[in-house]
Structures are given as structure tokens and as C-alpha cells.
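Asks: need a 3D model of the sequence below.
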Amino acid sequence: MSITFDYTISKITVNGLEASSITKPGGTGDEILLGDGTTTSLAALSTVFSIEELEDVNVVGAPQNGQVLVYNGNNSQWELGNNGPSLFLQATEPTNWSVGDFWIKT
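Replies: Okay, here's the model as predicted:
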């Protein structure tokens, strides 16, 4: 069995799978080596994503200080919510209860 490398290898450990540096000839300083042996620019990978791009996250409006994502099992979506329980001071029972909320009938 023979192994041929078209790369410059500075250090390699087979059983521990440690590699200090593996470079491909002709690569530039801003390129990375992909698993299939090709290279790509780091700039091509630096796409900015928004949490709203996730299909099960529903963010309406701008998040306020202290808000968190809360899972709504009724619609299987993550939504903006408050961090901690709510206190309802009202005559009628609240319709939007969450676990840990308090209602004081006034």
C-alpha cells in the first residue's frame, strides 16, 4: 500500500489524528482546505445569518432588553418573550398564561 500526498505536512499524528499544519500548494493566506481537497476563501464563508432565518423562529418587532426566545407549543414556534414570570393585576383571568405566571384578581 502506498500513500501519495500533494500537500505540505508539518506534523501529523495518525492514531491521535493531530495535524499542526497541512497546506495545499498554490493556496493563499485567506483560503481554507475543505474535506474534499479543494480550497475556498474565508470571505466566501463569512455570511451573516439572522436567527429569523430559522424556520421555527417567529420574531415580530425588535427584541427589547431582557427578552428571550420562548417556545410556543401551540404553534411550534420560538417567539420573543419576557425573562421570568408575569404578574397580572386584573379582574378577569388572563388569556395568555405562561408557566410561573401569577394572577391577582382585583
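
Asks: tell me the predicted confidence for residue 59.
Replies: Predicted confidence (pLDDT) for residue 59: 79.

Asks: what about the nearest residue to it once chain neighbours are set aside, is that helix, strand or coil?
Replies: Spatial nearest neighbour of residue 59, excluding adjacent residues (C-beta to C-beta, 6 or more residues apart in numbering): residue 52 at 5.0 Å. From N, CA and C alone the C-beta is placed, and that goes for glycine too. Under the three-state scheme (DSSP: H, G, I helix; E, B strand; the rest coil), residue 52 adopts helix.

Asks: what does residue 15 give?
Replies: Three-state assignment for residue 15 (three-state DSSP): coil.

Asks: ok, residue 56 touching residue 73?
Replies: No - Residue 56 lies out of contact with residue 73 (C-beta atoms under 8 Å); the separation is 11.6 Å.

Asks: of those two, which one has the most company?
Replies: Ranked by neighbour count (other C-beta atoms under 10 Å), residue 56 and residue 73 place residue 56 first, with 10 against 6.

Asks: tell me the contacts of the residue nearest the centre of the chain?
Replies: The residue lying closest to the centre of the chain (C-alpha atoms, centre = their mean) is residue 51, at 7.7 Å. Residue 51 sits next to 57, 59, 69 when contact means C-beta atoms under 8 Å, 6 or more residues apart in numbering.

Asks: likewise for residue 103?
Replies: Counting by C-beta under 8 Å, 6+ apart, residue 103 has contacts 87, 88, 90, 93, 94, 97.

Asks: and residue 90, bridged to which residues?
Replies: Note on residue 90: beta-bridge partners by DSSP bridges are residue 105.

Asks: what is the helix or strand in which residue 78 is found packed up against?
Replies: Using DSSP states H and E, residue 78 maps to strand 77-82. Packing partners of strand 77-82 (3 or more C-beta pairs under 8 Å, 6 or more residues apart in numbering; DSSP states H and E): strand 57-58, strand 67-72.
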